[in-house]
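Asks: only the shape, not the letters, is given here:
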Ligand SMILES: [Zn+2]
């Protein structure tokens, strides 16, 4: 690099250093009808410009070579005082119109870092220019929820009217993910796309992630002869049952994993978890989620059947060491319900219901722990 341009660069550098804003406005307080500004360095009178803007009448103070210490703050003190980084090197303080108000400004003799501007008496309450809050406290930040969209990949789940369970449940799971995140919950999806996952892997994920809740989403289906009569939303929690209907549904959902295992080992595995301590909690979670899904969908749709909260030995819930539920969002074998299930509006009502139910359950649980 030739010497001349080196010198030029040096000159450019030092001039930016010399003339860049170095003073910081660090504090602004309204006290005793005065706006009290505090700077990081001594404030020079020649850096302060005062002028008036009209329509409406405003008193403006520009502080040159100065920056706001907290950049992203919308600065206002009460109704009449506004502050802003007017340009790179100027902080502008604007005092709003009040009839007959004439400001006086002065620098306290013993405090060269501060600048006081009188304000219309009695018009402005004491106020502080607060530093920006570091992030609002999120009460759900440690409550990881695992959402399990059922089936996937070669395992299509139920198929009816050309629609597949695996697609539907993924769509609803994604909506639920967004809603829970909005409410502050960390969320982990066992699958985010169309891929196959063995059932034991799904709960293992919840264990590994130390999730507080496990929610598995499925859709139901019945053979052709019944498809016009059977419909509705059902929520299950893990427990063995003599109820033949629940057993049938469980058998269908368990099919992909129980293939090949002997009946004996199947029963041993299932029995081993039936006495788990999470049954009561899972039951409560199921009730909360189910109720909200029913109320939500019924606000916009007629004939939503309440299939109730039931227990069943679903494989996917076996081994769960946290409150775990399995939701059958509806019957894709039922023509009207299938149509609804694949609309964004219906899916949204279901997902909102699940999210609200989860929050309600967790809120109640917290209360119980607190007492
Ligand atoms: Zn399923």
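Replies: Now that the structure is in, tell me what you want to look at. It should be emphasised that the depicted structure is a prediction, and the values quoted were computed from it without experimental measurement.
Asks: rounded mean pLDDT for the helix ranked longest in the chain, please.
Replies: In the chain, assigned by DSSP state H, the helix with the most residues is helix 344-370. Helix 344-370 carries an average pLDDT of 89.
Asks: so what does it touch, helix or strand wise?
Replies: For helix 344-370, the packing partners by 3 or more Cβ pairs under 8 Å, 6 or more residues apart in numbering; DSSP states H and E come out as helix 165-182, strand 213-220, helix 279-300. (C-beta placed from N, C-alpha, C; glycine too.)
Asks: quick one: closest of those to the ion.
Replies: strand 213-220 (3.3 Å; Cβ to the ion).
Asks: after the closest one, next one along is what?
Replies: Per DSSP states H and E, the first helix or strand lying C-terminal to strand 213-220 is strand 233-238.
Asks: helices or strands up against that following strand?
Replies: Right, strand 233-238 is packed against helix 244-258, helix 279-300, strand 306-312, strand 324-331 by 3+ Cβ pairs under 8 Å, 6+ apart.
Asks: touching the ion at all, it?
Replies: No - figure legend: strand 233-238 not in contact with the ion (Cβ under 5 Å from the ion); closest approach 11.0 Å.
Asks: related to what we said a few turns ago, CSV for the helices and strands packed on helix 344-370, including mean neighbour count?
Replies: CSV is the format used below for those (neighbours: other Cβ atoms under 10 Å):
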stretch, mean neighbour count
helix 165-182, 21
strand 213-220, 27
helix 279-300, 20
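Asks: now mean pLDDT and distance to residue 26 too, for the ones you listed, in JSON lines please.
Replies: JSON lines is the format used below for those (pLDDT from 0 to 100; distance: least, Cβ to Cβ, whole Å):
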{"stretch": "helix 165-182", "mean pLDDT": "97", "distance to residue 26": "35"}
{"stretch": "strand 213-220", "mean pLDDT": "94", "distance to residue 26": "45"}
{"stretch": "helix 279-300", "mean pLDDT": "92", "distance to residue 26": "48"}
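Asks: switch the ones you listed over to JSON lines; also include distance to the ion.
Replies: Listed next are the helices and strands packed on helix 344-370 as JSON lines, based on distance: least, Cβ to the ion, whole Å:
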{"stretch": "helix 165-182", "distance to the ion": "5"}
{"stretch": "strand 213-220", "distance to the ion": "3"}
{"stretch": "helix 279-300", "distance to the ion": "16"}
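Asks: on that earlier part again, among the helices and strands packed on strand 233-238, which is nearest residue 224?
Replies: Shortest distance between residue 224 and the helices and strands packed on strand 233-238, using Cβ to Cβ, is found for strand 324-331: 12.3 Å.
Asks: what angle do strand 306-312 and the closest one make with each other?
Replies: 140 degrees (axes from the mean of the first three to the mean of the last three Cα atoms, to 10 degrees).
Asks: any idea which helix or strand comes after strand 324-331?
Replies: Scanning onward from strand 324-331 (DSSP H and E), the first element met is helix 335-341.
Asks: which neighbouring elements make contact with that following helix?
Replies: Counting by 3+ Cβ pairs under 8 Å, 6+ apart, the packing neighbours recorded for helix 335-341 are strand 324-331.
Asks: what about the strand it packs on, near the ion?
Replies: No - residues of strand 324-331 are not located near the ion by Cβ under 5 Å from the ion, the shortest gap being 7.5 Å.
Asks: can you tell me the average pLDDT over that strand?
Replies: The model assigns strand 324-331 a mean pLDDT of 94.
Asks: can you give me the angle that strand makes with helix 165-182?
Replies: Going by the same axes, to 10 degrees, strand 324-331 makes 120 degrees with helix 165-182.
Asks: tell me which residue is most central in this protein.
Replies: Centroid check for the chain by Cα atoms, centre = their mean gives residue 182 as the closest residue, at 2.2 Å.
Asks: what element comes up after the helix or strand of the chain with the lowest mean pLDDT heading to the C-terminus?
Replies: Taking mean pLDDT, DSSP states H and E as the measure, helix 3-19 is the helix or strand of the chain with the lowest mean score, a mean of 43. Where DSSP H and E defines the elements, the next helix or strand beyond helix 3-19 is strand 23-31.
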